[in-house]
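Asks: Mind looking at a prediction? Sequence and model below.
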Amino acid sequence: MAGKVKELVSQAKSLILGDDLRRPELWRAYVAIEYAILDLKLRHRIEGAPPPAKLTRKNAVDLALARSLLDKIDLTSDEKKLLYDLRACRDVLKSLVANYERRSTTS
């Protein structure tokens, strides 16, 4: 797969490894994955691929899920599967950033 996507996924993984994770690291990981999605779509002219199912409250979104999704990303898979996996990871990170903001304003 393209070197830029690999670099961005690696960057996101390294950002969410720590135990004392703060909002800036979550945000940078989210931005890296969003940028990887954009790079993949533009480089391979992928449009119209269905996004993953939206997260609901029933789906417990936590840091372990984000780490697991990032670890499972197969950079050698076909572009549409990679795009789907990146979007799923992005949605989890986006939810974590939003939940972090709510948690920090209520405490």
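Replies: Looks like it came in fine. Numbering: from 1, shown residues only.

Asks: quick one: contacts for the closest residue to residue 36 other than its chain neighbours?
Replies: Nearest residue to residue 36, sequence neighbours excluded (Cβ to Cβ, 6 or more residues apart in numbering): residue 8, at 3.9 Å. Where C-beta positions appear, they are placed from N, C-alpha and C, glycine not excepted. Counting by Cβ atoms under 8 Å, 6 or more residues apart in numbering, residue 8 makes contact with 32-33, 35-36, 39.

Asks: And the longest helix along the chain, what's buried?
Replies: In the chain, ranked by residue count with DSSP state H as the criterion, the top helix is helix 79-106. Across helix 79-106, burial judged by 16 or more other Cβ atoms under 10 Å covers 79, 82-97, 100.

Asks: With stretch 26-45 instead?
Replies: 26-37, 39-40, 44.

Asks: closest to residue 72 among the residues you listed?
Replies: residue 33 (13.3 Å; Cβ to Cβ).
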